[in-house]
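Peer 1: Here is the input, now give the coordinates:
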Amino acid sequence: MRVLLNRALPLLLAVVVVACSSEPKAAPSSELRPPSTSQHVPIGQLPNIDTQSLLAHTKTLSSDQFEGRAPGTHGEELTVKYLVDHFRRAGLEPGNPNGTYVQKVPLVGITPAPAPLVLRKGTEQQTLKWKDDVVAWTKHVAEKAELKDSEIVFVGYGVVAPEFNWDDYKGQDVKGKTLLMLVNDPPVPDPSNPSELDAKTFGGKAMTYYGRWTYKYEIGAQKGAAGVLIVHETGPAGYGFNVVQGKTGEQFDLVTPDRNMGRSAVEGWITLDQSRNLLRLAGQDFDALKAAAAKRDFKPVPLGVTASMTIRNRLRTIDSQNVAGRLPGADARLRSEYVVYTAHWDHFGKSADGIFHGAEDDALGCAALIEMAKAFKQLPAPPRRSILFLAVTAEEQGLLGSQHYSVTPLHPLTKTAADINMDSWNVHGRTRDITLIGLGASDLDEYVRDAAAEQGRIVKADPEPEKGMYYRSDHFNFAKQGVPALDPDSGVEYIGKPPDYAKKMRDEWTEHRYHTPQDVVLKDWDLTGTNEDLKVLFAVGYRVAQADKMPEWKPGSEFKAKREQMLRR
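Peer 2: Residues are numbered from 1 along each chain as shown. So this is what the prediction gives:
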C-alpha cells in the first residue's frame, strides 16, 4: 500500500513535479464544472457492490494458503489463478490483446545476506547491526556490492531544486563517497509566520517528490555516490522503522539493460539513535546539523568517518504477472478508449516473523476489482468506452507492475481516459466524506464530487499531505505518463464516532499493522463505508466511460504538459 518507488521518475520530471506543487490545491467550488456526459445514471440506480463477496474474496486472498502473495512464489501462482478465474466468471474478456488474462512482468529478485556496517574514525570503530541498526541492500544485479572505507559526507536533505534556489551539494564532488541524508523535504519556515512552513518552498506541509526516499537514492546515483544512507525518523518518513526492516529479504526490480550498475552500490536506512552516534563519532551534533540543513546556505559536511559494508546477493530472474480483464465498450468509435481500474495483488510473502497476509493492503482492492467487474456486467448495456480491470504485481517492491504496464501498455495510453486506483480502504464504517489525495489535479475530482454528493457526502483533501501519498501507489505511474489518475482514500468524518476516531485508526494502522503479519481480516471490520466508496468509484468510472470527452489535468498540474504532448503525437 502506497509504497515508495524503487525505480522513480527521472530527475527532470521530479523537478517539474515539485515546481508546480506535490499536493495540488482544490479550485474554488464556483470554478468546478460538472463533467460532460452523454448519459447520466444516478448513483442509486447503478448496480450494487456485493459486500459479502468482497469480504469472502478478501479472506481467501489473505489466508495462509496464499502465503502472503509474494511475486515469484507459489502464492503468486495461486493468486493469479484466482484472479483469472474470477475475472472469467465475472464475464470479462481477456485484457491482453494476445488472448490471455496476463501480462508478463520480467523481474530480478535480489536477496542480500545479512551484513554489518562498520564505521571508522582513526582508531575508533562502531559496528552497526544488520536489521536492528541498519537496513541496506543493493540493486546491482551482481553477486556482491560493497563500500570499502568510503568517506561519509552529511548532505542535509540531499536535494537539488533549482526552482527553489536549493542545492545541498554546493558543487562538492561526492563521487565514490557515502552520503548521509535526512528524509522528507527541508522544513523551511514561512517568513511571515515562522511557526508555519513556507507553502511556496517544497510545498510547505505537503511532501514533494524531493522528500521521497526514492529521490534520495536517485540523486545519489546521479552524483556518483558509492552509498546513500537515510536517517530514519518516524514522523518525517510517515512510518516506523519496522516497515524499513521489512526490506531485509528478497527485493525485486525490473530487468534493465545495465543490470542497475548505474545506481549506488549500497542503499539503505540507519536508525535515528545510530545516526546520532555516527555524528558524535564525527564530533558533530545531530540536532545542530539538522537545523543547518533547513537553510539554503547549508553546505555538505565531510565527517571524517569511513563506511565499509559488503553485501552478497542471491539472484534469480522471474516472469511475474499483471492480471487484466476487459469489458468491451458499446460505442464502435470509443471502445478503443479505456477507463482502467487498478489494484495490486502482491504483498510481502512470508518470513521468520510469519505470513504477511495483506488483507487491507491489498487483498480487499483485488476483491473490489472482481466485484466492480460483476457490477459493470449487471448494467443493462456496457458503457461507451471499454473498462480494463488491472491487478498489478510488485507494488510493494516499488510499483513495478504498474510501471511496466505504463511503459509497455496493453492498450495505448493515448487512448486511456483515466486510471482509478484502489489501494486504501476504510474498514471501520460509513463516513460523511471521501478523501482525494491530490485534490484539485484533474477533472476526475468533479466526477467524485458529484457522485459523493448523491450520497449526501463531501470530498476532502489529504489530511496527511506531509506523507506524500500521491507518489506511493500504482496510479502514480499512470500520472507520470500523463494519464489522469485518481487516488481516493478513506474519509475522516466517521458517522457516530468521535472527531478523533479517524486519526486513531490511522495511527493504529501505521504503528501496528501496516506491512506486518497483523494485516488480517478482523472481526470488527465494517465494510459499509467501503461499499459506499466503491459505489462512488463505480459511478466515476462509468461516467468517464460515457463522457463526450476524456478528462483533463487542470492548469498548474505537474502532469498536464505530459498529457498534452502525448495527445499531440
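Peer 1: wait, isn't residue 312 in contact with residue 143?
Peer 2: Yes. Using C-beta atoms under 8 Å, residue 312 is in contact with residue 143, at 6.5 Å. Placement of C-beta: from N, CA and C, glycine included.
Peer 1: neighbour count winner among these two?
Peer 2: For the pair residue 312 and residue 143, the greater number of neighbours falls to residue 312 (15 against 10), based on other C-beta atoms under 10 Å.
Peer 1: Excluding sequence neighbours, find me the nearest residue to the more buried one.
Peer 2: Residue nearest to residue 312 in three dimensions, not counting chain neighbours: residue 113, with 4.5 Å by C-beta to C-beta, 6 or more residues apart in numbering.
Peer 1: I'd like to know how many residues surround the one you found.
Peer 2: 11.
Peer 1: contacting residues around it?
Peer 2: Going by C-beta atoms under 8 Å, 6 or more residues apart in numbering, residue 113 touches 311, 312, 313, 314.
Peer 1: Point me to the helix or strand that includes the spatially closest residue to residue 50 that is not a sequence neighbour.
Peer 2: Excluding its sequence neighbours, the residue lying closest to residue 50 (C-beta to C-beta, 6+ apart) is residue 371, at 5.4 Å. Using DSSP states H and E, residue 371 maps to helix 364-377.
Peer 1: now for that helix, which elements pack on it?
Peer 2: Contacts defined by 3 or more C-beta pairs under 8 Å, 6 or more residues apart in numbering; DSSP states H and E place helix 364-377 against helix 51-61, helix 74-89, strand 301-327, strand 338-344, strand 386-392, helix 528-546.
Peer 1: and if we set it to 6 Å?
Peer 2: helix 51-61, strand 338-344, strand 386-392 (3 or more C-beta pairs under 6 Å, 6 or more residues apart in numbering; DSSP states H and E).
Peer 1: Can you list the buried residues in it?
Peer 2: Residues of helix 364-377 classed as buried: 364-376 (neighbour count, 16 or more other C-beta atoms under 10 Å).
Peer 1: tilt between it and helix 528-546?
Peer 2: 50 degrees (axes from the mean of the first three to the mean of the last three C-alpha atoms, to 10 degrees).
Peer 1: Compare the contacts of residue 113 and tell me which is most surrounded.
Peer 2: residue 311 (24 neighbours).
Peer 1: I'd guessed that one sits against residue 147; true?
Peer 2: No. Counting by C-beta atoms under 6 Å, residue 311 does not reach residue 147; the two are 8.9 Å apart.
Peer 1: any idea how far the helix or strand that contains residue 252 is from the chain center?
Peer 2: Residue 252 is part of strand 251-254, with elements assigned from DSSP H and E. Between the centre of strand 251-254 and the centre of its chain there are 15 Å (C-alpha atoms, centre = their mean, to the nearest Å).
Peer 1: Show the secondary-structure elements that the helix or strand that comes right after that strand is packed against.
Peer 2: Following strand 251-254 in sequence order, the next helix or strand is strand 266-270 (DSSP H and E). Here strand 266-270 touches strand 134-137, strand 227-231, going by 3+ C-beta pairs under 6 Å, 6+ apart.
Peer 1: who's in contact with the helix or strand following strand 266-270?
Peer 2: Using DSSP H and E, the helix or strand that follows strand 266-270 in sequence is helix 272-281. Applying C-beta atoms under 6 Å, 6 or more residues apart in numbering, the external contacts of helix 272-281 come out as 119, 121, 128, 133, 231, 233, 286, 305.
Peer 1: Just list whatever residues bridge to the first one.
Peer 2: When bridges are assigned using DSSP bridges, the partners listed for residue 119 are residue 126, residue 307.
Peer 1: And for it, the neighbour number?
Peer 2: When counting by other C-beta under 10 Å, one arrives at 25 neighbours for residue 119.
Peer 1: Nearest residue to residue 310 in space, please, no chain neighbours.
Peer 2: In space, residue 310 is closest to residue 146, 4.3 Å off (C-beta to C-beta, 6+ apart).
Peer 1: if I look at the residue located most distally from the centre of the chain, how far off is residue 281?
Peer 2: Distance to the chain centre peaks in the chain at residue 123, reaching 43.2 Å (criterion: C-alpha atoms, centre = their mean). Computed as C-beta to C-beta, to the nearest Å, the residue 123 to residue 281 distance reads 12 Å.
Peer 1: that's a helix at residue 147, yeah?
Peer 2: No. Going by DSSP: H, G, I helix; E, B strand; the rest coil, the assignment for residue 147 is strand, not a helix.
Peer 1: Run through the bridge partners of it.
Peer 2: residue 309.
Peer 1: Enumerate every residue touching it.
Peer 2: Contacts here follow C-beta under 6 Å, 6+ apart; on that basis residue 147 touches 178, 226, 227, 266, 307, 308, 309.
Peer 1: Which residue ranges of the stretch 151-300 of the chain form strands?
Peer 2: Using DSSP state E, counting those that start in this stretch, the strands of the stretch 151-300 of the chain run over residues 160-161, 166-167, 178-182, 189-190, 193-197, 227-231, 251-254, 266-270.
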